[in-house]
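> My questions concern the predicted model and sequence given below.
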Amino acid sequence: MHLHGSAEISHNGHLKIGGVSTIDLAKQYGTPLYVYDTALIKERARGFRKTFKELGVKAEVAYASKAFSCMAIFQLMNEEGLSLDVVSGGELYTALKADFPPERIHFNGNNKSRGELVLAVKEKIGCIVVDNFYELQLLSEITSEMKSKTKVLLRVTPGIEAHTHDYILTGQEDSKFGFDLQNGQAEKAMKLSLESEYIELLGLHCHIGSQIFETTGFILAARKMIEKAAEWNSVYGFVPEVINLGGGFGIRYTQEDDPIAPSQYVKEMILAVKEEVSRTGMSMPEIWIEPGRSLVGDAGISLYTIGSSKEVPGVRKYLAIDGGMSDNIRPALYRAKYEALIANKADAEPEDTVSIAGKCCESGDMLIWDLPLPDAEAGDLLAVFCTGAYGYSMANNYNRLPRPPVVFVENGKSKLVIRRETYRDLIKLDESLT
Ligand SMILES: Cc1ncc(COP(=O)(O)O)c(C=O)c1O
Ligand SMILES: N[C@@H](CCCC[NH3+])C(=O)O
């Protein structure tokens, strides 16, 4: 078994993360439980910033908060000097409540509501990433009504097909996101933005997809954006201050995944930008990126207690855990794969191949198919690796399962940052509550 992130096995065969025993964590906070090693998140955040610094490029690294949003992670990212990408009024509200500096917040999304845009303009956030003509018009009206200058990036689709799951591809022509860069839409949006009195056009944004393992797509996108910007510069005199190349850097969920180092993505993108800038004679823009998964993904693990089991003779053995697609929908949604071990027998050799079932009333609620494990029984603790991104943030109350708590660990200490939902929480929106 390969360990992920900062996980290690102590002399008694127990799995530890961030220097804390997972057995103790399960005892103290119960299961299911999400655990994040914050030292690893800080290391990743510092790594991105350091790479830009070494390359001498003015940059902003914005944490894509959809990967995992709560006040504690926003506070951590703020302390690390990162900016924040939000995609809803809810994420924006959480960030403001966490005292995240509004000027370092960027607002993405393909159908922001009037209310969301008003909040963003009122709070004078760093920039709004405008996605379509409807939004451009709406934002022009809102900023004029409020007489408030607002910085904007235009999200464009550069027409790149990155290699990843279809559901998480976003940079191709046939996408719901952004202005098409090739067919004149983006150019029209740029002209409209320049004409709008209260809109201050900072530059362009693209995001080609998520969990991408190669740099080709990023390089092509970067080149296309600079090339287009240079063309517009010569025709309209528009010089972009900022080019945002999005996020999407892949991480290792299983040994089948072969990601490159986060710094490598950045280095190759910057090299492409620099080459294109000198070829076209444009001035070097600030480069912004928006990683989510690569900041928090492998820093998180999920802990579950094993309960029932079922043997289908000659076919397979199911082991059921006390969570499932309600706290990790990725296997059901994308056929995502994970690795796991028995945390209280972390040094034991696998003896069996089992399939890990969730407890939701759904046959598709399978967390891991065909997992080699040592002999496991009810009460054992299952640790699933790399659940830090899009686990808690996509958690739901299907079957009215309460969402698990989140604990941060670092240097042998743990801290509860989101408490477990209670049954009372589950009915708190019901109007008949007396
Ligand atoms: C606009 C935008 N930015 C950033 C991200 C972050 O992506 P990832 O978590 O893959 O780094 C996403 C998600 O794919 C996104 O849609
Ligand atoms: N939620 C997805 C990725 C989509 C990212 C947001 N555009 C995942 O779990 O992999």
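Received the coordinates, thanks. Ligands and ions are numbered 1, 2, ... in the order given.
> only C-alpha atoms for contact and neighbour calcs from this point on.
Noted.
> near ligand 1, which residues of this protein?
Proximity of the chain to ligand 1 is confined to 64, 67, 108, 207, 209-211, 246-249, 290-294 under the rule C-alpha under 6 Å from any ligand atom.
> redo that, cut-off 5 Å
Taking C-alpha under 5 Å from any ligand atom as the contact definition, the chain meets ligand 1 at 210, 246-248, 290-293.
> Just flag the most distant two among those residues.
246 and 293 (12.0 Å; C-alpha to C-alpha).
> where along the stretch 301-434 of the chain do the strands fall?
316-321, 340-342, 352-357, 366-373, 381-385, 406-410, 413-418 (DSSP state E, counting those that start in this stretch).
> Could you take those strands and lay them out as a markdown table, with extra columns for mean pLDDT, distance to residue 221 and mean neighbour count?
Below are those laid out as a markdown table (pLDDT from 0 to 100; distance: least, C-alpha to C-alpha, whole Å; neighbours: other C-alpha atoms under 10 Å):
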| stretch | mean pLDDT | distance to residue 221 | mean neighbour count |
| --- | --- | --- | --- |
| strand 316-321 | 97 | 42 | 20 |
| strand 340-342 | 97 | 36 | 25 |
| strand 352-357 | 96 | 39 | 20 |
| strand 366-373 | 97 | 34 | 20 |
| strand 381-385 | 98 | 32 | 25 |
| strand 406-410 | 98 | 36 | 21 |
| strand 413-418 | 98 | 38 | 15 |
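> Can you lay out these as CSV showing distance to residue 301?
As requested, the strands of the stretch 301-434 of the chain are exported to CSV (distance: least, C-alpha to C-alpha, whole Å):
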stretch, distance to residue 301
strand 316-321, 15
strand 340-342, 9
strand 352-357, 16
strand 366-373, 13
strand 381-385, 5
strand 406-410, 10
strand 413-418, 14
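> Can you say which of those strands is nearest to residue 53?
The closest of the strands of the stretch 301-434 of the chain to residue 53 is strand 406-410. By C-alpha to C-alpha, the value is 26.3 Å.
> Let me know the angle separating the closest one from strand 413-418.
Put simply, strand 406-410 runs at 160 degrees to strand 413-418, going by axes from the mean of the first three to the mean of the last three C-alpha atoms, to 10 degrees.
> tell me what strand 406-410 is packed against?
In terms of contacts (3 or more C-alpha pairs under 8 Å, 6 or more residues apart in numbering; DSSP states H and E), strand 406-410 is packed against strand 33-37, helix 38-55, strand 413-418.
> Name the residues of the second one that come out as buried.
In this case it means helix 38-55. For helix 38-55, burial by neighbour count (16 or more other C-alpha atoms under 10 Å) applies to 38-42, 44-49, 51-52.
> Quick check: the two most widely separated of these?
Across these, no pair lies farther apart than 38 and 52, at 21.8 Å, counting by C-alpha to C-alpha.
> and the gap between residue 55 and ligand 2?
Per C-alpha to the nearest ligand atom, to the nearest Å, residue 55 is found 27 Å from ligand 2.
> again with residue 152
In this structure, residue 152 and ligand 2 are 20 Å apart, going by C-alpha to the nearest ligand atom.
> Is that residue within a helix or a strand, and which one?
Counting by DSSP states H and E, the element that carries residue 152 is strand 150-157.
> which element follows that strand toward the C-terminus?
Of the helices and strands lying after strand 150-157 in sequence (DSSP H and E), the nearest is strand 179-180.
> and that following strand, what other elements does it pack with?
Secondary-structure packing of strand 179-180 (3+ C-alpha pairs under 8 Å, 6+ apart): strand 150-157, helix 185-195.
> report the longest helix in this structure, please.
helix 216-236 (DSSP state H).
> Touching, residue 310 and residue 356? I think so.
No - taking C-alpha atoms under 8 Å as the definition, residue 310 is not a contact partner of residue 356, at 10.6 Å.
> residues shared between the contacts of those two?
Here residue 310 and residue 356 have 318-319 as joint contacts, going by C-alpha atoms under 8 Å, 6 or more residues apart in numbering.
> could you point out where this protein is predicted with low confidence?
Within the chain, the stretches with pLDDT under 70 are 1, 162-172, 433-434.
> Please parse it into its domains.
Using automatic domain parsing, the domains assigned to the chain come out as 8-37+297-426, 108-291.
> Kindly reformat those domains as TSV containing distance to residue 80.
Formatted as TSV, the domains of the chain follow (distance: least, C-alpha to C-alpha, whole Å):
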stretch	distance to residue 80
domain 8-37+297-426	15
domain 108-291	14
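> between these, which gets nearest to residue 59?
In terms of C-alpha to C-alpha, the element of the domains of the chain nearest to residue 59 is domain 108-291, at 4.8 Å.
> and that closest one, how far apart are its ends?
This stretch, domain 108-291, spans 13 Å end to end (C-alpha to C-alpha, to the nearest Å).
> Stretch 207-226 too?
So stretch 207-226: terminal residues 15 Å apart, C-alpha to C-alpha.
> Now find how far off-centre that stretch is within its chain.
Between the mean C-alpha location of stretch 207-226 and the chain-wide mean there is a distance of 17 Å, by C-alpha atoms, centre = their mean, to the nearest Å.
> hmm, it touching ligand 2?
No - against ligand 2, stretch 207-226 shows no contacts by C-alpha under 5 Å from any ligand atom, the least distance being 5.7 Å.
> hang on, the earlier thing: quick one: buried ones out of the residues of the chain next to ligand 1?
Applying 16+ other C-alpha under 10 Å to these flags 210, 246-248, 290-293 as buried.
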